[in-house]
Every structure is written in structure tokens, then in C-alpha cells.
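1. starting from these lines, generate the structure:
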Amino acid sequence: MVVIISIIHVLVCVAIILIILLQSGKGADLGAAFGGSSQTIFGSGGAATFLSKMTTIVAVVFMLTSLGLALMSAPKAEKSIMQTTPPPVSQEEQAAPQSEQPVQPINPEDKAAPQPEPTQAQPAPAPESQGGTSAPAGQ
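-> Here you go, the predicted model:
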């Protein structure tokens with residue numbers, strides 16, 4: 001399907017280029033170029049009416065093929081972005097506590113058993129010298 005529309009699109013592009021190039025500017029008639037009277041080649045209506053209608057038709061076909069090709073080449077979305085985003089949270093829900101259970105107050109009588117304090121390392125006793133007690137240094 002894409003190949004068929006692409007071929008039609010290319011043919012319409014070439015046709016619109018040729019039709020626009022065939023149109024004459026202001027004051028220049030295609031019939032006058034061949035030495036005859038103006039506006040007799042394409043009938044009594046002249047070239048402007050016929051070529052302007054062809055330009056309109058080819059331009060509409062060009063727009064439709066362009067739109068069709070753009071829609072066919074767009075990636076297919078599996079889910080909408082609205083389905084993947086979570087719903088917004090109101091301010092009341094943000095202010096409410098996260099858990100539904102009330103917080104239990106701490107009762108001072110229900111203290112756990114006190115833990116023993118860490119003991120400090122005591123210095124090792126000095127070795128006793130021979131001969132009994134040591135004399136004070138000042139005597």
C-alpha cells in the first residue's frame with residue numbers, strides 16, 4: 001500500500017511542477033507565442049482557467065498522498081500516555097499519614113532491662129618487691 005501511494009505521490013509531484021511551469025505570467029498569453037490570437041488554444045475560457053483547475057486538483061491529490069504517507073510511516077503506539085501515568089495525588093492525600101495504623105505511644109514503665117555499662121580496663125597490679133612493703137619515697 002505504501003509503495004502504491006509513493007508512486008502516485010512522485011507522479012503527482014512531477015505533474016504539479018509541469019503544470020506550474022506551463023502557466024503564464026501576467027500579461028503573457030500562451031496563444032500569443034504561436035502567432036495566433038490569445039486564449040484560443042485551450043478553448044474560449046483560455047489557458048488560465050484550465051491550468052488553474054488542474055493545479056487545484058493536482059495540489060489536492062498531492063496533499064492527500066502526503067498525509068497518507070505521513071500517517072502510514074508514524075510508529076504505532078501500544079498505549080496512550082494517559083494509561084501509563086499514575087493519577088495525580090491531591091494535597092489531602094499527601095498530608096495524610098502513609099500507614100493506616102495509629103502510632104503507639106512509648107510507656108516509661110515498659111522500659112527494657114537496662115544494659116550493663118561497659119567496663120573499663122583496670123591497670124594490672126604492680127609486682128611486689130622482695131622484703132615486704134615498700135617504703136615511701138620521702139623517708
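
2. counting contacts, what elements does the helix or strand harbouring Leu11 pack onto?
-> Per DSSP states H and E, Leu11 falls inside helix 2-22. In terms of contacts (3 or more Cβ pairs under 8 Å, 6 or more residues apart in numbering; DSSP states H and E), helix 2-22 is packed against helix 47-73. C-betas here are computed from N, CA, C, even on glycine.

3. avg pLDDT for the helix it packs on?
-> Per-region confidence: helix 47-73 scores 90 on mean pLDDT.

4. please apply the same query to stretch 87-104.
-> Averaging pLDDT along stretch 87-104 gives 66.

5. would you mind measuring the gap between the ends of stretch 78-85?
-> 14 Å (Cα to Cα, to the nearest Å).

6. do the same with stretch 69-89
-> So stretch 69-89: terminal residues 41 Å apart, Cα to Cα.

7. show me what counts as buried in that stretch.
-> Within stretch 69-89, no residue counts as buried by 16 or more other Cβ atoms under 10 Å.

8. how about stretch 56-67?
-> In terms of neighbour count (16+ other Cβ under 10 Å), stretch 56-67 has its buried residues at 58, 61-62, 65.
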